[in-house]
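Chemist: Fold the following.
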Amino acid sequence: MRLSLVILVRNEIAGLQALLHLVPREGIEEILAIDGKSDDGSAAFLQSQGVRVVIQDRSGRGYAFSLAFREATGDALIFFSPDGNEDPADIAKFRTLLESGYDMVIGNRMSDGGVNEEDHLRFRWRKWANLAFGWMANSTWNRGPRIRDTINGFRAITRASWERMRPDGPGYTIEYQCSIRAMKLGLHVGEFPTKEGQRLDPRGGSPSISTGLAFLRTYFRELRRG
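Modeler: The predicted model follows:
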């Protein structure tokens with residue numbers, strides 16, 4: 001199986017400088033970056049390190065996923081965000097699960113040995129919201145093994161599965177939509193425990209309230225579609 005590692009970037013120079021040298025090259029046939037028009041030097045830094053950079057001609061994380069599948073050549077794509085939340089050492093774990101037959105593989109922060117960035121807090125509002133959205137999706141559509149982390153972007157998707165799911169979700173809803181459509185289609189989804197670190201640049205990330213409302217819209221949109 002040919003694997004492409006896709007680095008999703010929008011103004012992540014701090015993370016790239018700290019983490020790119022930790023990204024494993026062995027076992028990955030192709031590395032490319034999808035850049036959302038960064039203005040902090042992220043694209044130039046990636047190119048200086050020998051990484052092919054594709055600049056988005058439209059904004060949005062959902063479009064970045066679609067563009068990655070058009071530009072990459074792998075049989076499966078691993079999506080990695082260099083913001084500090086995702087551990088580069090875990091990239092190597094995807095191949096074994098993909099080659100054992102999984103259609104999609106997700107790094108699980110929510111249970112079974114996984115660590116969420118809020119686990120040290122007393123009130124884990126973001127984690128609890130993520131678990132609630134996962135419960136809604138699993139209860140509505142899943143007839144197989146439960147998907148514990150339906151929202152995490154640290155995941156791999158086979159090209160064949162992407163073409164079957166045909167996701168079109170905008171922004172940060174793309175991962176949640178992929179999880180829902182995988183349930184609808186009965187795809188084989190695997191998870192492994194991962195440790196979510198703290199963001200290296202606290203200015204980034206997704207706004208909680210607007211992102212949560214977008215997840216709700218995605219859920220009800222998929223519910224209407226049947």
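
Chemist: what's the closest non-adjacent residue to the spatially most central residue of the chain?
Modeler: Centrality entry for the chain: nearest residue to the mean C-alpha point is Gly153, 1.8 Å, by CA atoms, centre = their mean. Spatial nearest neighbour of Gly153, chain neighbours left out: Glu175 (5.0 Å); criterion: CB to CB, 6 or more residues apart in numbering. Placement of C-beta: from N, CA and C, glycine included.

Chemist: just Arg217 next, same as before
Modeler: Closest to Arg217 by CB to CB, 6+ apart is Thr173, at 7.6 Å.

Chemist: Leu46: what's it in contact with?
Modeler: Contact analysis of Leu46 by CB atoms under 8 Å, 6 or more residues apart in numbering lists 7, 9, 16, 20, 33, 35, 53.

Chemist: Among the residues you listed, which are located in strands?
Modeler: 7, 9, 33, 35, 53 (DSSP state E).

Chemist: my guess is the first one meets Leu32, correct?
Modeler: It stands for Ile7. Yes - contact criterion CB atoms under 8 Å: Ile7 and Leu32 qualify, at 7.3 Å.

Chemist: show me what contacts Gln198?
Modeler: Applying CB under 8 Å, 6+ apart, the residues near Gln198 are 84-85, 117.

Chemist: Try it again at 6 Å.
Modeler: 84, 117 (CB atoms under 6 Å, 6 or more residues apart in numbering).

Chemist: Where does it sit: helix, strand or coil?
Modeler: Secondary structure state of Gln198, per DSSP: H, G, I helix; E, B strand; the rest coil, is coil.

Chemist: What separation do you get for it and Asn108?
Modeler: 18 Å (CB to CB, to the nearest Å).

Chemist: Next up, identify which helix or strand Asp57 is on.
Modeler: Assigned by DSSP states H and E, Asp57 belongs to neither a helix nor a strand.

Chemist: Any idea how many residues pack against it?
Modeler: For Asp57, the neighbour count with other CB atoms under 10 Å is 8.

Chemist: now do Glu29
Modeler: Glu29, neighbours per other CB under 10 Å, totals 14.

Chemist: I'd like the distance from the helix-or-strand element of the chain with minimal mean pLDDT to the chain centre, please.
Modeler: One helix or strand of the chain scores below all others by mean pLDDT, DSSP states H and E: helix 208-225, with a mean of 91. Put simply, helix 208-225 sits 17 Å off its chain's centre (CA atoms, centre = their mean, to the nearest Å).

Chemist: Ok, stretch 20-37 next?
Modeler: With CA atoms, centre = their mean, you get 14 Å for stretch 20-37.

Chemist: What lies in contact with it?
Modeler: 2-5, 7-10, 43, 46, 49, 51-56, 64, 67-68, 73-74, 88, 91-92, 95.

Chemist: Mind checking which of these are buried?
Modeler: Among the contacts of stretch 20-37, the ones that count as buried by 16 or more other CB atoms under 10 Å are 3-5, 7-10, 43, 46, 51, 53-54, 56, 64, 67-68, 74, 88, 91, 95.
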